[in-house]
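> got a predicted structure plus its sequence, pasted below:
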Amino acid sequence: MFHFKQFSVADEKCGMKVGTDGTIHGAWAPVPEGKARILDIGTGSGLMALMFAQRCPEAEITGVDIDAGAAEQAAENFAASPWADRLHVLHKPVQQLEEGEYDLVASNPPYFVDSLKNPDAARLKARHTDTLSFSALVNHSARLAKAGGIVSYVLPIEAEQPVLHLAADCGLTPIHITRVHTRDTKPAKRVMIAFRKAPTTEPCLIDTLCLMDQNGEPRSEQYKALCRDFYL
């Protein structure tokens, strides 16, 4: 069980456990104001959906996952949270969702495309793009986002350029790119990208996030500032 300031997350039924990727993206993704609708694709334990519920006090948030254990776990975590009335979970592929009008579509998607398959079926499903390719993810995100809405991902750095090209073909324009480094002396391993579903002259902000400080402390001041509303 992981305890945050306003909620807790159990993940023993999930192939993918609570981790840094989901946490930083849940804190970083641009969120809408007011009575918005948010979709979390591949919600897993429901971590990002819970973070969005905390950040957006009037939003309705839906998490969708193809894994039965993850969907059950997310439903339990949602029910135990302060925002149970605004959090919903669907056990189905995102491909089966009807046309949407979501203000924000977010995902910490499966990302090991060609690596050795994990023998654990649930973890394999959560970690590999076999059941949801980047092409399918981007296409369905664009389909489900409202005009002018936001689509936001956390991805392996190797996926940055392919996803940018896929997004351009779907009418998604990048507005913020943050490359994530474990240390400032190491190459980036992750990237967070936010798109707007609209042509825009809005300049794309490009910056970096370093998770560890120069002394090797596990949380840099930048990391702490990003997640201060969540970490105990």
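Thanks, I have the structure now. These figures come from a predicted structure and were not determined experimentally.
> helices along this structure, start to end?
Assigned by DSSP state H, the helices in the chain fall at 20-28, 47-55, 68-79, 121-127, 134-144, 160-169, 221-226.
> can you tell me which of these is nearest to residue 62?
With C-beta to C-beta, the closest approach to residue 62 among the helices of the chain belongs to helix 47-55: 7.6 Å. From N, CA and C alone the C-beta is placed, and that goes for glycine too.
> one step back: mind giving me JSON lines with the helices of the chain and columns for mean pLDDT and mean neighbour count?
Below are the helices of the chain laid out as JSON lines (pLDDT from 0 to 100; neighbours: other C-beta atoms under 10 Å):
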{"stretch": "helix 20-28", "mean pLDDT": "97", "mean neighbour count": "22"}
{"stretch": "helix 47-55", "mean pLDDT": "98", "mean neighbour count": "26"}
{"stretch": "helix 68-79", "mean pLDDT": "96", "mean neighbour count": "20"}
{"stretch": "helix 121-127", "mean pLDDT": "42", "mean neighbour count": "18"}
{"stretch": "helix 134-144", "mean pLDDT": "95", "mean neighbour count": "20"}
{"stretch": "helix 160-169", "mean pLDDT": "96", "mean neighbour count": "16"}
{"stretch": "helix 221-226", "mean pLDDT": "96", "mean neighbour count": "15"}
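> now distance to residue 209 too, for those, in TSV please.
Listed next are the helices of the chain as TSV, based on distance: least, C-beta to C-beta, whole Å:
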stretch	distance to residue 209
helix 20-28	7
helix 47-55	16
helix 68-79	26
helix 121-127	22
helix 134-144	22
helix 160-169	14
helix 221-226	6
